[in-house]
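1. quick one, fold the following:
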Amino acid sequence: MKLRKIYTLWLVTLFCLLPLSMAQAGHLEDIAARGTIRVGTTGDYIPMSYRNPQTGEYEGIDAELTKIIADSLGVQIEYVPTSWPALTQDTLAGKFDIALCGISRNFVRARTMAMSDAYGEGVFGKTILCRKKDAKRFTSLAAINQPGVRIMINPGGTNEKFARANLTQAQLIVNPDNAGIPQQIAEGNADIMITETVEAARYVEKDSRLAAPLIHEPFTRHSCGILMQKGDQEFLNYINFVLAELKMDGTMAKLEAKYLRF
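-> Numbers count the residues shown, from 1 in each chain. Modelled structure (predicted):
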């Protein structure tokens, strides 16, 4: 009896001393048992992850990556809607296993959450979307950062962060409907949308009233990654393994050519 008590105490002590990463591990096992992978996405970002209002289906490179990841695990996809203001909080709260919606890799996110290896290197960067008739007016950051310029941004993401840091003289208009901002610009309700190069290119294709005059001279450069909670290195390794295989067999290059060209 005494030995059993000592052994029990030893087990309890050992468990308490386990690294936090081990105590929190188990996403792969949970996903397999559940039969679904929970994917957080905003669904408002062409050509990354966009929920088509006509079909209700998600479209874009991140939607295709999501399907590839789910198929590799032999499970179904369970989309969990989130928003840019809530993305960090929802990730930390474990509302989903991974998040994919054109999420920029940056130091702030990497300090508090886990981010996968990069994809889309060399194509992402902050730029502007404006009316075609104003394309010659907005030729630099200085030309945009003027008191009379109305800049519309979606809240909570890196677009808002960039605008607040670099466009202090202009008028900032916050609009939570990211997918609706291009139409607002085209209709003259604002002058500029701060966005990504790949998103600007798609809206210029969709609407002849719009232009992206600085698309080949972006203000910043970055890549995208898959976001998740810290603490499960095995799961992060698996996601990175999938991305590495897609790069090696040429699938990633094909997807990037399909969705991220401009």
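
2. in a helix, Leu255, correct?
-> Yes: under DSSP: H, G, I helix; E, B strand; the rest coil, Leu255 sits within a helix.

3. Glu64 is in contact with that one, correct?
-> Yes: using Cβ atoms under 8 Å, Leu255 is in contact with Glu64, at 5.8 Å. Where C-beta positions appear, they are placed from N, C-alpha and C, glycine not excepted.

4. ok, the residue lying closest to Asp207 once chain neighbours are set aside - contacts?
-> Using Cβ to Cβ, 6 or more residues apart in numbering and skipping the chain neighbours, the partner closest in space to Asp207 is Ala186 (5.4 Å). Counting by Cβ atoms under 8 Å, 6 or more residues apart in numbering, Ala186 makes contact with Arg131, Asp207, Arg209, Leu210.

5. next, count neighbours for the first one.
-> For Arg131, the count of nearby residues is 19 (other Cβ atoms under 10 Å).

6. so what pairs up with it in the strands?
-> Bridge pairing for Arg131 (DSSP bridges) gives the partners Leu210.

7. need the pLDDT of it.
-> Arg131 is assigned a pLDDT of 98 by the prediction.

8. that one contacts Asp191, doesn't it?
-> Yes: with contact defined as Cβ under 8 Å, Arg131 reaches Asp191; the gap is 7.5 Å.

9. not counting its neighbours along the chain, what's nearest Lys206?
-> Once flanking residues are discounted, Lys206 sits nearest to Pro182: 7.7 Å by Cβ to Cβ, 6+ apart.

10. is it fair to say the one you found lies in a helix?
-> Yes: assignment of Pro182 by three-state DSSP places it within a helix.

11. that one - how many residues pack around it?
-> Neighbours of Pro182 (other Cβ under 10 Å): 23.

12. quick one: contacts for it?
-> Leu129, Met193, Tyr203, Lys206, Asp207, Leu210.

13. redo that, cut-off 7 Å
-> By Cβ atoms under 7 Å, 6 or more residues apart in numbering, the residues touching Pro182 are Leu129, Met193, Tyr203, Asp207, Leu210.

14. residue contacts, the second one?
-> Met193 sits next to Ile128, Leu129, Met152, Ile181, Pro182, Ile185 when contact means Cβ under 7 Å, 6+ apart.

15. and what of the last one?
-> Neighbouring residues of Leu210 by Cβ under 7 Å, 6+ apart: Leu129, Arg131, Lys132, Pro182, Ile185, Ala186, Tyr203, Val204.

16. OK, contacts around the most centrally placed residue in the chain?
-> Closest residue to the average C-alpha location of the chain: Ile103 at 1.9 Å, with Cα atoms, centre = their mean. Each residue near Ile103 by Cβ under 7 Å, 6+ apart is listed here: Cys224, Gly225, Leu227.

17. residues contacting Arg137?
-> Counting by Cβ under 7 Å, 6+ apart, Arg137 makes contact with Ala143.

18. got a pLDDT number for it?
-> 96.

19. doesn't it lie inside a strand?
-> No: if the criterion is three-state DSSP, then Arg137 is coil and not within a strand.

20. widest-spaced pair of the contacts of Ala186?
-> Farthest apart among these by Cβ to Cβ are Arg131 and Asp207. That separation is 9.8 Å.

21. mind giving me the domain split of this protein?
-> As assigned by automatic domain parsing, the chain contains the domains 2-122+223-259, 126-211.

22. sorry, back to before: quick check: the residue nearest to Lys206 vs Gly122, distance?
-> When distance is defined by Cβ to Cβ, to the nearest Å, Pro182 is 24 Å away from Gly122.

23. in what helix or strand does Thr195 lie?
-> Using DSSP states H and E, Thr195 maps to strand 192-196.

24. go on, Glu160?
-> Assessed by DSSP H and E, Glu160 sits inside helix 158-166.

25. next, the buried residues of that helix.
-> The neighbour-count check on helix 158-166 (16 or more other Cβ atoms under 10 Å) flags Thr158, Asn159, Glu160, Lys161, Phe162, Ala163, Asn166 as buried.
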